[in-house]
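Enquirer: Kindly return the folded structure for what I paste below:
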Amino acid sequence: MRSLLFYLLNYDCVTFYDYLETLRLSDGKSGIPSSTWLTTDTASDIYQYAKDRIYTVSSNKVKSPLKKQKTLTQMESNRTIDPYVSVDSIQFHLEENPKWKQLENTIESIYETIQNNNNPNINGRVLILASNEKTCSQIRTYLELGGKTLLNRLIHKLIGPQIRKQQRKIDKQKEEKLGESKKKKGVKRKSLQNSELDLLSQHVSNFEENQEEIEKSKLEESILVYEIDSDDEKVQNEDEDEKFEDFKPPPSVDSNDDNSNHDLDNDVIMNLKKHPIDEYFEIIPDKVVKKLNEPKEMQLLIHSLYDTSTILDDLMPSFVILYENDLSFIRRIEHYQCKYPYIPLHVYLLSYDRNSVEYKQYQATVEREKEAFKKLIVSYGRLTIVIDAREFRSTLPSLLNSSGYKVIPIQISVGDYIVSKHCCVERKSTTDLWQSLNSGRLFQQSEKMIKYYKHAVLLIQFEQDEAFVLPDPYSGFYSYEDGKIEEKSIMTKLVLTALHFPKLKIAYSRTPAATGKFFYMMKHQVLQYNDYDMEENEEDYEPDVSLAQAIGTSEHVEENESSNQAIEFLARLPGVTVENMPRIINSVTNLYELADMSVSDLSDIMQSKENAKKLYDYLRESIDME
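Expert: Numbering: from 1, shown residues only. Next up is the predicted model:
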């Protein structure tokens, strides 16, 4: 449907109707699945309106509403009757694209501007830009031949072959009906009333005859003009010869020169001794005067919007006409005008009225661009990261500072880097990761990050000269002997940590520079424009320094303590596992809503009937006081 809307706005009536016919002909053929939309009333109305833009038929017969007029699609169907209805007359409308006339008026206005303007920087080059090469070709043909001739050519090119094919098919069927005996006698039956197909065929034939006459007249005219031009050249040459015969050179300065009797060429004449007044005045030849008085020429160049990166610099036009509005090229025109301010550039945008789909699409594009610039300005104006003071022993804080971030060093208890109000990052090097896993400190840090922040990230950073692989001193992890995994392996402990904290995100960074890009991605893409929490306010995108310093200390009021207790209680319920607990948390708001669910609802959320039955029975189990 989007393509259909684009073709309606940019194509002419004949091409659009031919596209609709192609859709019907290709429906359900050559492996293309059949479309149910083509059988709806909306599709029938679109086909009828597209047909009415080209021609309408009139008939005195009263038809049943069930017998609708057939379209060109039925030419391929194996019917024994004429697919076109019988009509009295057919009237061609050939609706032209409204932009064609507006384009012609714009070009005429530009031509008047060029002729009436004495600015030498206006070179008369006019650049017309369209969306594709097909539209460019139609514009060239329209400016050369006009709208009616263009549409008639399209009817002859697109619809003519189908009409002739169907006409031959119908004539063959009529001959078969007449029988062999009647064909020998030459008896032919003629319909008392014309059919739609006959009138269309007659129109195409008349157009072909007119085109042949036009081409013939053009050929005769060109031959006649050539003969007249040849005669004029002969007469002109004879007159010039007479002038040269009557011409007598002035007396030479040196009368004793041997070459004084020869004809003097132009260079010698210009070098002759001049009158003193010639030093102040000069006689300009007639050809030069005519050339100076000639009007400025207008050069038209029609080009597609594809591959227009250097066309402005190469052509350097004074007038640009955008047949379809393209915001990216408009910004390129603005850059070109800033680059060459001495060239007066006139830009014309051809568009339908403000209620049209084309104008609304353009306005939506402009609004999206404004919103993107607004978010970009806001985000670049607040690039702030709160960093733990102990992290300044590494190279990452200085790298972030040189990248344009506003670094705030404070003493914080939870996390190493506070990216936003709801995002905390704990950075671990490979050696620090191994020590934290052995001592259990990473487990405590992850628990605190999950408790106080919505988005907790464990960042494992490698050094510049270090291999991008986790060092594991326990080789038993890689052997998989007897199906056993080494419990002391670093990967085993990481997997257990991820299973225990499903909300904890684990990220790997190859170098400190890659870590800086990772922070940029989190601040500009993940937190603001991705799936994390689109309900957060713009103020939450930046970290709160006082809150980050208070979290984890006695000064911080734990508002989410009850929520954390409910999550811990949920984790201990029968049937609740590490896999289904995040789905349960995202589906219910409190434990009361969870207890009020049925077995089928719980099974849909937990994706396990067995676990849902365990949880349902536990929540409804009676309490025995004895």
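
Enquirer: check which helix or strand covers the residue nearest to residue 14 when sequence neighbours are not counted.
Expert: Distances taken as Cβ to Cβ, 6 or more residues apart in numbering place residue 154 nearest to residue 14, at 4.0 Å, with adjacent residues excluded. All C-beta atoms are positioned from the backbone trio N, CA, C, and that covers glycine. Secondary structure assigned from DSSP states H and E places residue 154 in helix 147-154.

Enquirer: What is that helix packed up against?
Expert: helix 13-26, helix 133-145 (3 or more Cβ pairs under 8 Å, 6 or more residues apart in numbering; DSSP states H and E).

Enquirer: deepest of the ones you listed, which one?
Expert: helix 13-26 (a mean of 19; mean count of other Cβ atoms under 10 Å).

Enquirer: re the thing from before, now the helices and strands packed on helix 147-154 in TSV, with mean pLDDT?
Expert: TSV is the format used below for the helices and strands packed on helix 147-154 (pLDDT from 0 to 100):
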stretch	mean pLDDT
helix 13-26	81
helix 133-145	88
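
Enquirer: want to throw those helices into TSV with distance to residue 403?
Expert: Shown next, in TSV, are these (distance: least, Cβ to Cβ, whole Å):
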stretch	distance to residue 403
helix 13-26	52
helix 133-145	45
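
Enquirer: looking at the ones you listed, which is closest to residue 594?
Expert: Nearest to residue 594 among the helices and strands packed on helix 147-154 is helix 13-26 (52.1 Å), distances taken as Cβ to Cβ.

Enquirer: Which SSE is immediately downstream of the closest one?
Expert: helix 41-52.

Enquirer: ok, back up a step: pull the contacting residues for the residue nearest to residue 14.
Expert: 12, 14-15, 18 (Cβ atoms under 8 Å, 6 or more residues apart in numbering).

Enquirer: between those residues, which is closest to residue 104?
Expert: Distances from residue 104 to these, taken by Cβ to Cβ, are shortest for residue 12, at 14.8 Å.

Enquirer: what's the burial count for residue 38?
Expert: 17 (other Cβ atoms under 10 Å).

Enquirer: now it: how far from residue 22?
Expert: Using Cβ to Cβ, to the nearest Å, residue 38 is found at 12 Å from residue 22.

Enquirer: With adjacent residues omitted, what lies nearest to residue 125?
Expert: Distances taken as Cβ to Cβ, 6+ apart place residue 317 nearest to residue 125, at 4.1 Å, with adjacent residues excluded.

Enquirer: List the residues that contact the one you found.
Expert: Going by Cβ under 8 Å, 6+ apart, residue 317 touches 123, 125-127, 301, 345.

Enquirer: Tell me which two of those residues sit farthest apart.
Expert: 301 and 345 (14.6 Å).

Enquirer: higher neighbour count, the two?
Expert: residue 345 (18 against 12).

Enquirer: Just read off the phi/psi values of that one.
Expert: phi -110, psi 130 (degrees, to the nearest 10).

Enquirer: correct me, but it touches residue 333?
Expert: Yes. Between residue 345 and residue 333 there is a contact under Cβ atoms under 8 Å: 7.1 Å.

Enquirer: Next, show the common contact partners of these two.
Expert: In contact with both residue 345 and residue 333: residue 320, using Cβ under 8 Å, 6+ apart.

Enquirer: give me the number of residues near the residue nearest to residue 130 when sequence neighbours are not counted?
Expert: Using Cβ to Cβ, 6+ apart and skipping the chain neighbours, the partner closest in space to residue 130 is residue 323 (4.2 Å). For residue 323, the count of nearby residues is 25 (other Cβ under 10 Å).

Enquirer: these two touch, right, residue 323 and residue 132?
Expert: No. With contact defined as Cβ under 8 Å, residue 323 does not count as touching residue 132 (10.4 Å).

Enquirer: ranges for the strands of the chain?
Expert: All strands of the chain, identified by DSSP state E, fall at 55-58, 89-92, 125-130, 299-304, 319-322, 346-349, 384-388, 406-410, 417-420, 423-429, 455-461, 504-509.

Enquirer: Please tabulate those in a markdown table and include distance to residue 571 and mean pLDDT as additional columns.
Expert: Shown next, in a markdown table, are the strands of the chain (distance: least, Cβ to Cβ, whole Å; pLDDT from 0 to 100):
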| stretch | distance to residue 571 | mean pLDDT |
| --- | --- | --- |
| strand 55-58 | 74 | 74 |
| strand 89-92 | 78 | 72 |
| strand 125-130 | 63 | 91 |
| strand 299-304 | 62 | 89 |
| strand 319-322 | 62 | 93 |
| strand 346-349 | 62 | 92 |
| strand 384-388 | 30 | 88 |
| strand 406-410 | 33 | 88 |
| strand 417-420 | 27 | 87 |
| strand 423-429 | 21 | 89 |
| strand 455-461 | 17 | 88 |
| strand 504-509 | 15 | 88 |
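
Enquirer: Let me have these in a markdown table, extended by distance to residue 49.
Expert: Below are the strands of the chain laid out as a markdown table (distance: least, Cβ to Cβ, whole Å):
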| stretch | distance to residue 49 |
| --- | --- |
| strand 55-58 | 11 |
| strand 89-92 | 16 |
| strand 125-130 | 25 |
| strand 299-304 | 29 |
| strand 319-322 | 28 |
| strand 346-349 | 27 |
| strand 384-388 | 58 |
| strand 406-410 | 60 |
| strand 417-420 | 54 |
| strand 423-429 | 55 |
| strand 455-461 | 54 |
| strand 504-509 | 55 |
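
Enquirer: wait, which of the ones you listed is closest to residue 313?
Expert: Across the strands of the chain, closest to residue 313 is strand 125-130 (Cβ to Cβ), at 11.9 Å.

Enquirer: strands paired with the closest one, and their directions?
Expert: Sheet pairing of strand 125-130 (DSSP bridges) gives strand 299-304 (parallel), strand 319-322 (parallel).

Enquirer: got the angle between that strand and helix 133-145?
Expert: Using axes from the mean of the first three to the mean of the last three Cα atoms, to 10 degrees, the direction of strand 125-130 lies 130 degrees away from that of helix 133-145.

Enquirer: Check what contacts strand 125-130 and list those residues.
Expert: Under Cβ under 8 Å, 6+ apart, the answer for strand 125-130 is 103, 107, 110, 136, 139, 298-305, 308, 311-312, 315-324, 326, 329.

Enquirer: from those residues, which would you call buried?
Expert: Buried by 16 or more other Cβ atoms under 10 Å: 103, 107, 110, 136, 139, 298, 300, 302, 304-305, 311-312, 315, 317-324, 326, 329, out of those.

Enquirer: Any chance of the contacts of residue 317 in TSV with distance to residue 517 as columns?
Expert: Formatted as TSV, these follow (distance: Cβ to Cβ, whole Å):
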residue	distance to residue 517
123	47
125	45
126	46
127	40
301	44
345	40
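
Enquirer: And stretch 96-108, what's buried?
Expert: Quick answer for stretch 96-108 (16+ other Cβ under 10 Å): 96-97, 99-100, 102-103, 106-107.

Enquirer: Tabulate those residues (a markdown table), appending distance to residue 420 and pLDDT.
Expert: Output for these, formatted as a markdown table (distance: Cβ to Cβ, whole Å; pLDDT from 0 to 100):
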| residue | distance to residue 420 | pLDDT |
| --- | --- | --- |
| 96 | 57 | 86 |
| 97 | 52 | 86 |
| 99 | 49 | 89 |
| 100 | 54 | 89 |
| 102 | 51 | 90 |
| 103 | 52 | 91 |
| 106 | 51 | 92 |
| 107 | 55 | 92 |
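
Enquirer: hmm, back to that, residues in contact with the residue nearest to residue 130?
Expert: Residue 323 makes contact with 99, 103, 128-131, 135, 139, 350, according to Cβ under 8 Å, 6+ apart.

Enquirer: Name the spans of the chain whose pLDDT lies under the cut-off.
Expert: 28-33, 58-90, 158-296, 378-382, 471-487, 524-541, 554-564, 624-626 (pLDDT under 70).
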